[in-house]
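Undergrad: Just need the structure, nothing else, for what follows:
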Amino acid sequence: MVERAANDDAALVAQAAGGSEHAFRTLYRAYVRPVYWLAHGLVGNPADAEEVTQETFLVAWRKLPGLELAGDSLLPWLATVCRFQAANRVRRQRRDRQHSAGTVDESIPATVDVEQQVVDGELAEAILREVAGLTPLDRDIFRLCAAEGYAYQAAADELGVAHGVVRNRLSRIRTRLRTVVKEST
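TA: Numbering: from 1, shown residues only. From the prediction side, this is the model:
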């Protein structure tokens, strides 16, 4: 994984908005795993999570030229896009199920990649254990910024702490979680 400072996101977003595929790839590599896990939590299965992740980054590629990055990280914005893409996918699947009720061909077995589910489950458990070991303030910062898409200042206001506290602690949390992900893969 490419190592980079969190404050590089604004520069990378500007470069990607200008058409730099390298900058966009760097952002993708930095955020594909957290976006995937957020998507997985929202849609509940690996195949749909993968689709939502890809749709999220497709939307990101299209919308970067007009994006004004709030804060130092692209992740809160990506999390918001991911939540919308997941909601759209769930609605579409619900609608499709309602329209196709009774016409399902049950002779085709569903394929399940059990090994990948075990690996994904173990990684998710490792991440959840790491998050559970954080201080209450760090867990709140992680929840607000990474899962709910709050900008640093909004999270700081919500928690009654300074902007820098949120930024610095979230940076340390991300480093810890990257270490867990590297050890698990």
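Undergrad: So for the longest helix along the chain, what gets flagged as buried?
TA: Of all segments of type helix in the chain, defined using DSSP state H, the longest is helix 75-99. Of the residues in helix 75-99, 75-79, 81-83, 85-86, 89 count as buried by neighbour count, 16 or more other C-beta atoms under 10 Å. Backbone N, C-alpha and C define where each C-beta goes, glycine included.
Undergrad: secondary structure class for Asp72?
TA: Per DSSP: H, G, I helix; E, B strand; the rest coil, the local secondary structure of Asp72 is coil.
Undergrad: Surely it touches Asp9?
TA: Yes. If you go by C-beta atoms under 8 Å, Asp72 and Asp9 touch, sitting 6.1 Å apart.
Undergrad: per-residue pLDDT, the residue most central in space within the chain?
TA: Taking C-alpha atoms, centre = their mean as the criterion, Val35 is the residue nearest the geometric centre of the chain, at 1.8 Å. Looking at Val35, its pLDDT stands at 91.
Undergrad: and the longest helix of the chain, what does it pack onto?
TA: For helix 75-99, the elements it packs on are helix 21-43, helix 46-63, judged by 3 or more C-beta pairs under 8 Å, 6 or more residues apart in numbering; DSSP states H and E.
Undergrad: Could you list the residues in contact with the shortest one?
TA: Taking contacts as C-beta atoms under 8 Å, 6 or more residues apart in numbering, the residues outside helix 46-63 that touch it are 16, 24, 27-28, 32, 35-37, 39-40, 42-43, 74, 77-78, 81-82, 85-86, 89, 93, 113, 116-117, 120.
Undergrad: rerun at 7 Å
TA: Identification of contacts with helix 46-63 by C-beta atoms under 7 Å, 6 or more residues apart in numbering yields 24, 28, 32, 35-36, 39-40, 43, 78, 81-82, 85-86, 89, 116-117, 120.
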